[in-house]
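**Q** show me the folded form of this:
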Amino acid sequence: MDLGTYAIIFLVGACALALWFYYRMERFAPSDLRTAAIHIGAALVACQLLAPAVSALLRGTDIQVLRVVSVVGVSLPALVYAMLATIWVIALIQATLRSGMLR
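**A** The predicted structure follows:
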């Protein structure tokens with residue numbers, strides 16, 4: 001499998017996990033846009049700072065298991081959280097628009 005195919009499958013899997021979490025765990029969704037924006041900020045920090053730093057540390061070793069852990073245990077959760085936070089913002093904006101149009 002080449003890198004491009006793996007990246008697409010990885011992204012689709014992360015999207016599927018985020019959608020599953022959104023529909024399955026509705027009680028964790030933020031109730032206002034301010035909280036959702038905080039989640040977007042946290043996801044940005046996780047994807048731009050934490051995940052690359054921790055993955056670089058784990059991949060820098062010669063142990064193959066730590067390379068898998070860096071992808072599945074660090075990068076995948078950060079990506080899923082970023083997608084989930086984006087889904088929450090989109091859902092809140094849709095709800096706001098719907099309630100505004102009904103008035």
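**Q** tell me what the longest helix along the chain is packed against?
**A** Ordering each helix of the chain by length in residues (DSSP state H) puts helix 76-102 first. In terms of contacts (3 or more CB pairs under 8 Å, 6 or more residues apart in numbering; DSSP states H and E), helix 76-102 is packed against helix 3-24, helix 33-45. To be clear about C-beta, it is placed using only N, CA and C from the backbone, and glycine gets the same treatment.
**Q** show me what the shortest one is packed against.
**A** Yep, that's helix 33-45 we're talking about. Using 3+ CB pairs under 8 Å, 6+ apart, helix 33-45 sits against helix 76-102.
**Q** just name the most buried of the helices and strands packed on helix 76-102.
**A** helix 33-45 (a mean of 15; mean count of other CB atoms under 10 Å).
**Q** between it and helix 76-102, how many degrees?
**A** Angle of helix 33-45 versus helix 76-102, following axes from the mean of the first three to the mean of the last three CA atoms, to 10 degrees, is 150 degrees.
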